[in-house]
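*Asks:* sequence first, then the predicted structure, then my questions.
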Amino acid sequence: MLISNAYAQADAAAGQSAAGGLASFLPLVLMFVVLYFLMIRPQMKRAKEHKSMVEALSRGDEVVTGGGIVGKVAEVGDSFVRVEIAADTVIAVQKQSIATVLPKGTLKTL
């Protein structure tokens, strides 16, 4: 006979199935933990800081918008802020587009 018989091997990993299953998920769990501490947690912290900054906006604050426009807050509404960017030039921007609140007197040095 030219073709030999093929026999199935005994299941050598039968005793290690529980430990092998847990070990296969360990890299996935470690990657999620690293992702959480390097990306998700800092992003949540920045979002919380930005939200508190936007809620604390008041008239007279000097701000920079997300588009890079620098001005002084003239009026604060529920979802919009009116920003004076030059003498008698006021624009309305969404509160969430305010990127930074500058220290007082910054506009005079620009």
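*Replies:* Happy to help now that I have it.
*Asks:* which stretches of this protein form helices?
*Replies:* 17-35, 41-55, 106-109 (DSSP state H).
*Asks:* elements contacting the last one?
*Replies:* Using 3 or more C-beta pairs under 8 Å, 6 or more residues apart in numbering; DSSP states H and E as the contact criterion, the secondary-structure elements in contact with helix 106-109 are strand 70-76. For every residue, glycine as well, the C-beta is placed using N, CA and C.
*Asks:* and the angle for the strand it packs on with helix 41-55?
*Replies:* Angle, strand 70-76 to helix 41-55, by axes from the mean of the first three to the mean of the last three C-alpha atoms, to 10 degrees: 60 degrees.
*Asks:* other SSEs contacting strand 70-76?
*Replies:* The contact analysis (3+ C-beta pairs under 8 Å, 6+ apart) places strand 70-76 against strand 62-65, strand 80-86, helix 106-109.
*Asks:* for Phe37, see how far away the residue most central in space within the chain is.
*Replies:* In the chain, the residue lying closest to the centroid (C-alpha atoms, centre = their mean) is Gln43, at 3.1 Å. Distance, Gln43 to Phe37, by C-beta to C-beta, to the nearest Å: 11 Å.
*Asks:* same thing with Met53?
*Replies:* Distance from Met53 to Phe37, by C-beta to C-beta: 24 Å.
*Asks:* nothing else from me, thank you.
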